[in-house]
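Asks: no sequence on this one, just coordinates:
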């Protein structure tokens with residue numbers, strides 16, 4: 001069995017080589033404090049906040065409680 005080769009991907013690997021300004025912008029974002037909008041599971045927001053991130057929690061649930069058939073019927077109401 002062959003071992004897989006892995007390499008670390010840096011910011012400059014993720015942007016076009018033709019646009020060094022993109023790499024600078026991406027790198028500057030990584031040097032800033034983390035600010036997060038968390039949608040859904042509140043536990044994620046709690047963990048981020050516990051590590052010092054500024055977090056805004058959004059309470060959201062899927063339409064019709066996730067019931068696709070009911071959501072389809074509700075989407076037709078008022079049309």
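Replies: That came through fine. Computed from a prediction, not measured in an experiment: that's the story for all the values here.
Asks: Look at residue 62 and say how many residues are nearby.
Replies: 10 (other CB atoms under 10 Å). Every C-beta, even on glycine, is put in place using the N, C-alpha and C of the backbone.
Asks: Check the gap between it and residue 68 for me.
Replies: Distance from residue 62 to residue 68, counting by CB to CB, to the nearest Å: 9 Å.
Asks: can you check residue 38 too?
Replies: Distance check for residue 38 against residue 68: by CB to CB, it reads 24 Å.
Asks: Which one's more surrounded, the two?
Replies: residue 38 (19 against 10).
Asks: what helix or strand is residue 57 on?
Replies: Taking DSSP states H and E as the criterion, the element that holds residue 57 is strand 54-58.
Asks: That strand: which residues count as buried?
Replies: Across strand 54-58, burial judged by 16 or more other CB atoms under 10 Å covers 55, 57.
Asks: who does that strand touch, helix- and strand-wise?
Replies: With contacts defined as 3 or more CB pairs under 8 Å, 6 or more residues apart in numbering; DSSP states H and E, the packing partners of strand 54-58 are strand 35-39, helix 42-50.
Asks: remind me which residues of the protein are low pLDDT?
Replies: Within the chain, the stretches falling below the threshold (pLDDT under 70) are 1-18, 79.
Asks: just to revisit the earlier point, to residue 26, which of the helices and strands packed on strand 54-58 lies closest?
Replies: strand 35-39 (16.0 Å; CB to CB).
Asks: May I see the buried residues of the helix ranked longest in the chain?
Replies: Using DSSP state H to assign secondary structure, the helix with the most residues in the chain is helix 20-30. Residues of helix 20-30 classed as buried by neighbour count (16+ other CB under 10 Å): residue 23.
Asks: From the chain's centroid, how far away is that helix?
Replies: Shown here is helix 20-30, whose average C-alpha point lies 18 Å from the average C-alpha point of the whole chain (CA atoms, centre = their mean, to the nearest Å).
Asks: Assess the claim that residue 62 and residue 74 are in contact.
Replies: No. Contact status for residue 62 versus residue 74: not in contact, 11.4 Å apart, counting by CB atoms under 8 Å.
Asks: Give me the helices and strands touching the longest helix of the chain, please.
Replies: Using 3+ CB pairs under 8 Å, 6+ apart: helix 20-30 touches no other helix or strand.
Asks: Okay then, goodbye and thanks.
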